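> Return atomic coordinates for the entry below.
(one chain, ligands or ions: 1)
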Amino acid sequence: MYPTQRPRRLRGSETMRALVRETHLSVDQFIYPVFVRPGKGRRDPIGSMPGIYQWSIDSLVDHLVDVYALGVRSYLLFGIPHQKDDVGSEAYDENGIVQDALRALRERLPESILIADLCLCEYTSHGHCGLLDPEGHVANDPTVALLARTAVAQARAGASVVAPSDMMDGRVGAIREALDRDGYSDVPIMSYAAKYASGFYGPFREAAENTPSFGDRKSYQMDITNRREALKEVQLDLSEGADMIIVKPALPYLDILREVRNETLVPIAAYQVSGEYAMIKAAATNGWIEERRVVEESLIAIRRAGADMIVTYFAPQMARWLGEDS
Ligand code: PBG
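Residues are numbered from 1 along each chain as shown. Presented below is the predicted three-dimensional model:
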């Protein structure tokens, strides 16, 4: 450093700080996850996620029209089906809950980005992300075939993007092939490439009603101790045709995010998951932290680590806060 060069000189006023700021938050970067359930006029609160609801399709459409007006225009859809069974049929049924929701949303918000979460766990009676063999283990290859079928049903119903979150091997390639074969070669795949077997998904299991009835997801989700494995998963998904990558959870895995950013050229999303949301909400409700400050700090940290996009339950609230500033 030159003897007279002092970093403090660039921190003297808010205008100067704004001029040299490296990281920015904008509503364009947010993806808002939503839960859709059967019924009419429903807006059922999720106890462990204050401010987040299971919506019936009609209420969800009205809600997202409001959120769209705030500037948040990308949504990640999860479904709570009418009925669950061993093979998760409602995931790929033409009239499954998510397919019905996609058609309704596509009609009211034609320009929105509708990202369909692609997994069987919300639709299987046992709550696992795939079909089970007679010993109760998830059977990779038969599951992949059903995921490909689900992707086509979602694309046909109006999904802009499909987002496989199951972590089966070879699913991205199979989904790409099925989409191309049925005329949906323009629908991108956003793959949850680095998805850890995390305790931070706890509140989501209540929200999506997908708690496994036995065992856990450690045979298909990643071991929390592994770093190189994440890079390998990302490489595999990219080689099979993934267009975008998700790292999940976000804040406890910023190192992974940074590394994936350094090693790849595709757009990366980080998923600030239900447990991250619930912790901030709980502490803020108790007056132990300042909610806006901590939400913003977390989102900035995620962007600073290399995320282009952030999947966050705070999207509408953050959009409101950003709107108040401008
Ligand atoms: C599985 C899936 C999970 C989440 C999204 N999709 C996790 C799981 O139950 O293993 C978690 C998201 C969150 O916690 O917010 N399809």
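> tally of neighbours for Thr285?
Burial measure for Thr285: 11 neighbouring residues, criterion other Cβ atoms under 10 Å. (Each C-beta comes from the backbone N, C-alpha and C, glycine too.)
> What residues does the protein have near the ligand?
Asp117, Cys119, Cys121, Ser165, Tyr201, Phe204, Arg205, Asn210, Arg217, Val273, Ser274 (Cβ under 6 Å from any ligand atom).
> Quick one: list the elements packing against the helix or strand where Leu236 lies.
For Leu236, the enclosing helix or strand under DSSP states H and E is helix 228-239. In this structure, helix 228-239 packs against strand 190-195, strand 244-248, helix 254-263, with contacts taken as 3 or more Cβ pairs under 8 Å, 6 or more residues apart in numbering; DSSP states H and E.
> Counting neighbours, what do you get for the nearest residue to Ala91 once chain neighbours are set aside?
In this structure, Ala91 finds its nearest non-sequential neighbour in Tyr123, 4.2 Å apart by Cβ to Cβ, 6 or more residues apart in numbering. The burial metric for Tyr123, expressed as a neighbour count using other Cβ under 10 Å, is 27.
> Output the longest strand seen in the chain as PDB, nothing but the C-alphas.
Secondary structure assigned by DSSP state E gives strand 30-37 as the longest strand of the chain. Output in PDB follows, covering the C-alpha atoms of strand 30-37 (Å, rounded to 0.1, in the frame of the first residue of the first chain):
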ATOM      1  CA  PHE A  30     -35.200 -13.300  -6.000                       C
ATOM      2  CA  ILE A  31     -37.100 -16.500  -6.500                       C
ATOM      3  CA  TYR A  32     -40.100 -16.900  -4.100                       C
ATOM      4  CA  PRO A  33     -41.000 -20.500  -3.100                       C
ATOM      5  CA  VAL A  34     -44.700 -21.200  -2.600                       C
ATOM      6  CA  PHE A  35     -46.800 -24.200  -1.500                       C
ATOM      7  CA  VAL A  36     -50.000 -25.000  -3.300                       C
ATOM      8  CA  ARG A  37     -52.700 -27.300  -1.900                       C
END
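> Quick check: which helices or strands does it pack against?
Using 3+ Cβ pairs under 8 Å, 6+ apart as the test, strand 30-37 ends up in contact with strand 53-56, helix 57-69, strand 74-79, helix 97-108, strand 113-118, strand 309-312, helix 315-325.
> I'd like those laid out as CSV, including mean neighbour count, mean pLDDT and distance to Leu231.
Formatted as CSV, the entries for the helices and strands packed on strand 30-37 read as follows, by neighbours: other Cβ atoms under 10 Å; pLDDT from 0 to 100; distance: least, Cβ to Cβ, whole Å:
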stretch, mean neighbour count, mean pLDDT, distance to Leu231
strand 53-56, 21, 98, 36
helix 57-69, 17, 98, 34
strand 74-79, 24, 98, 24
helix 97-108, 20, 98, 31
strand 113-118, 24, 97, 23
strand 309-312, 24, 98, 20
helix 315-325, 16, 95, 28
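> Show me the helices in the stretch 151-300 of the chain, by range?
With DSSP state H, counting those that start in this stretch as the criterion, the stretch 151-300 of the chain has helices at 171-181, 202-208, 228-239, 254-263, 274-285, 291-304.
> Would you mind putting the ones you listed into TSV with distance to Val161 and mean pLDDT alongside?
As requested, these are arranged in TSV below (distance: least, Cβ to Cβ, whole Å; pLDDT from 0 to 100):
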stretch	distance to Val161	mean pLDDT
helix 171-181	11	97
helix 202-208	19	89
helix 228-239	14	96
helix 254-263	19	97
helix 274-285	21	98
helix 291-304	20	98
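> Many thanks, have a good one.
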